[in-house]
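Dropping the sequence and predicted coords here.
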Amino acid sequence: MNLLSVVIIGVLGLLGVGLYALLITRNLIKIVVALQILVKAILLAIIMAGKVQGNMALAQSMALTVIVADTIVAVLGLALAVQIRRQLGTLDVQALSTLRR
Amino acid sequence: MWHILIIAGAIGCAIGAIVARRLLVSALWLAGTSALVALEIYLLGAPEIAVIELSVGAGLVTVLFVFAISIAGEEDLNTHSIFPLPAAWGLVALSLVLLAILVLPRAGLQVPIPGIEQFSTMLWDKRGLDVLLQIIIIFTGVLGVLGILAESRRTAHVESAKKLQEVREEVQV
């Protein structure tokens, strides 16, 4: 098994875990954890693509953008979760359905 | 061999982060995933991004998670999911199979590239717009967090004003 196959399997595995967690979890903070796992998979895929193409500088530049955007998403998501917990007293996604009324 | 172990460890830590019932344990498993992914990125030949991922992904984000969990508190909600589990498994399997069908035949495809450049040249000269957008994203995030937290401060003011009013009424009585 060569390096490319190992990394692709890793990317698919992390994507699978992240997608499954996004579908089944009800806790707002765990949803942010699932998003983080998805972004780790994407980072690995971008760096591997740069290595295969021999253009690691472009891949690193893209990966840096992804890291910055991902961190801001995590910060905003956690701040929202904290506020929802303070205002509604729960982190349950299902409890947020009361917003429809 | 090392690559297989690191990738398996990263996937194991990711599964641990999802399975863990306590949010704090989940955040620590996520930090493990970040650290192992950073190690793999370093071994793939991108040390700059590996260092940034290790410090931001495994450091800063973990601190933020611990901070948020300590404010929001633990809440065990793992009783049952909204989405049916077999449907979730099916969707995940379907999306992974589709992705593998799309990716694997093109895995070794070589695209001609104009020239190899240094990371700093690429980041500051060729992708200057990306850097500008990153700065805008950071400011947007900071303003967003300030906006979200400012609302709570207003709510706290309202609550303290209500308490003060209650105390005044009690004194009058």
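Now that the structure is in, tell me what you want to look at.

Every contact and neighbour count from this point should use C-alpha atoms.
Noted.

So what does residue A:27 have for phi and psi?
Taking degrees, to the nearest 10, you get phi -90, psi 130 for the backbone angles of residue A:27.

by contact count, what packs against the longest helix that chain B contains?
Determined from DSSP state H, the single longest helix within chain B is helix B:128-172. With contacts taken as 3 or more Cα pairs under 8 Å, 6 or more residues apart in numbering or on different chains; DSSP states H and E, helix B:128-172 sits against helix A:56-88.

what sits against residue A:81?
A:28-29, A:91, B:72 (Cα atoms under 8 Å, 6 or more residues apart in numbering or on different chains).

residue of chain B with the smallest distance to chain A?
residue B:119 (4.3 Å; Cα to the nearest Cα).

pLDDT score assigned to the residue in chain A positioned nearest to chain B?
Nearest residue of chain A to chain B (Cα to the nearest Cα) works out as residue A:57 at 4.3 Å. On the pLDDT scale, residue A:57 is placed at 84.

Next: the one 3 residues further on.
Confidence at residue A:60, expressed as pLDDT, is 88.

Report the contact partners of the residue lying closest to it once chain neighbours are set aside.
In space, and not counting its chain neighbours, residue A:60 is closest to residue B:49: 6.2 Å by Cα to Cα, 6 or more residues apart in numbering or on different chains. By Cα under 8 Å, 6+ apart, the residues touching residue B:49 are A:60, A:63-64, B:38, B:41-42.

Can you tell me which of those is closest to residue A:33?
For the contacts of residue B:49, the minimum distance to residue A:33 (Cα to Cα) is 16.8 Å, reached by residue B:38.

In this structure the closest one contacts residue B:55, no?
No: taking Cα atoms under 8 Å as the definition, residue B:38 is not a contact partner of residue B:55, at 9.3 Å.

higher neighbour count, the two?
residue B:38 (28 against 16; other Cα atoms under 10 Å in any protein chain shown).

which SSE is that one in?
helix B:23-43 (DSSP states H and E).

Break chain B into its domains for me.
B:1-75, B:119-173 (automatic domain parsing).

Would you mind putting these into a markdown table with mean pLDDT alongside?
Output for those, formatted as a markdown table (pLDDT from 0 to 100):
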| stretch | mean pLDDT |
| --- | --- |
| domain B:1-75 | 90 |
| domain B:119-173 | 78 |
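
what's stretch A:39-49 in contact with?
Stretch A:39-49 is contacted by residues A:4, A:7-8, A:10-12, A:14-15, A:56, A:59-60, A:62-63, A:66, A:70, B:34, B:37, B:40-41, B:44, B:46 when judged by Cα under 8 Å, 6+ apart.

on that earlier part again, widest-spaced pair of the contacts of residue A:81?
A:28 and B:72 (10.6 Å).

Can you give me the first-to-last residue distance of stretch B:106-120?
End-to-end span of stretch B:106-120 (Cα to Cα, to the nearest Å): 29 Å.

which ones are touching the residue most central in space within chain A?
By Cα atoms, centre = their mean, chain A has its centre lying nearest to residue A:35, at 2.4 Å. Applying Cα under 8 Å, 6+ apart, we find residue A:35 in contact with A:18, A:22.
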